[in-house]
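Q: got a predicted structure here, sequence first:
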Amino acid sequence: MHLYKSGMPMVLLAEWLGHAQISSTLIYANADTEMKKEAIMKATSKLNPLLSGETTYLEWEDDEALIRQLYGLSQ
């Protein structure tokens, strides 16, 4: 999968792995595509609190010292 993700053509990868049929190699590529699809679905789901419109309390919101440090401001 690392070689495929790095741009190695699937046909060459199948040959390099010794697969007689490219369909054997495609099984791994399809699994990876499914993992990406699932990740996208989770990230864009209405159940994601960042997208649902729910207000979320961030613990650092009231930490003035931390905010100043993050912005590079002196204390």
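A: Received, thanks.
Q: got the contact list for stretch 2-16?
A: 21, 22, 24, 25, 26, 28, 29, 32 (C-beta atoms under 8 Å, 6 or more residues apart in numbering). Quick note: C-beta positions are derived from backbone N, CA and C, even for glycine.
Q: 10 Å - rerun?
A: Stretch 2-16 is touched from outside by 1, 17, 19-26, 28-29, 32, with contacts defined as C-beta atoms under 10 Å, 6 or more residues apart in numbering.
Q: same question for it, mean pLDDT?
A: Stretch 2-16 comes out with an average pLDDT of 85.
Q: distance check, residue 19 against residue 69.
A: 54 Å (C-beta to C-beta, to the nearest Å).
Q: so those two - more neighbours on which side?
A: The neighbour count for residue 19 versus residue 69, taken as other C-beta atoms under 10 Å, is higher for residue 19 (15 against 12).
Q: so for residue 43, what's the pLDDT?
A: 79.
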